[in-house]
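> Got a predicted structure here, sequence first:
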Amino acid sequence: MWEEHWPALELFLAMRTQWRVVASMAGERRQGIDYNALYGHPKYARLDYDAQDTLLAQIQHIEAGALAVMSEQSHLAEQDVEERQQVTELVQHSVELNYHREEQARINVRELMNVVDLPHGYGDGTFVA
């Protein structure tokens, strides 16, 4: 990190709790730093206008990078949730198939056990499959 960017990083880190967050049915999303809080921060407010412009531009670059990373993390988390949902659905489908197979096997066994009317004189009357 270059020394001339250090003040911007320090101020960006000092603003880590000053993000604008939008909450919706889809979840929460960070919009960016609350610039009102930035403008009122002592490290920013005591600078002259040219230094403020330079510092603001640097902070905005850091903010853009942070938003990109947070967006990617959010996208990866959404993909993870979708993949887990797909796995859950596949497991449920597999369980249902196994249940139906077992139920069909039970029905087949019941049908075989219902063979009671064997021809007269056929064996000694024991079950024959």
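Structure's in. What do you need?

> Verify the assumption that residue 13 is located in a helix.
Yes. Residue state for residue 13 (DSSP: H, G, I helix; E, B strand; the rest coil) corresponds to a helix.

> Near it, how many other residues are there?
Each residue near residue 13 was counted by other C-beta atoms under 10 Å, and the total is 9. In short, each C-beta sits where N, CA and C put it, glycine included.

> And residue 55, by the same measure?
Residue 55, neighbours per other C-beta under 10 Å, totals 19.

> tell me the contacts of the residue nearest to it when sequence neighbours are not counted?
The shortest distance from residue 55 to any non-neighbouring residue, by C-beta to C-beta, 6 or more residues apart in numbering, is to residue 8 (5.5 Å). With contact taken as C-beta atoms under 8 Å, 6 or more residues apart in numbering, residue 8 is in contact with 55, 58, 59, 62.

> if I look at residue 8, how far off is residue 104?
In this view, residue 8 and residue 104 are 69 Å apart by C-beta to C-beta, to the nearest Å.
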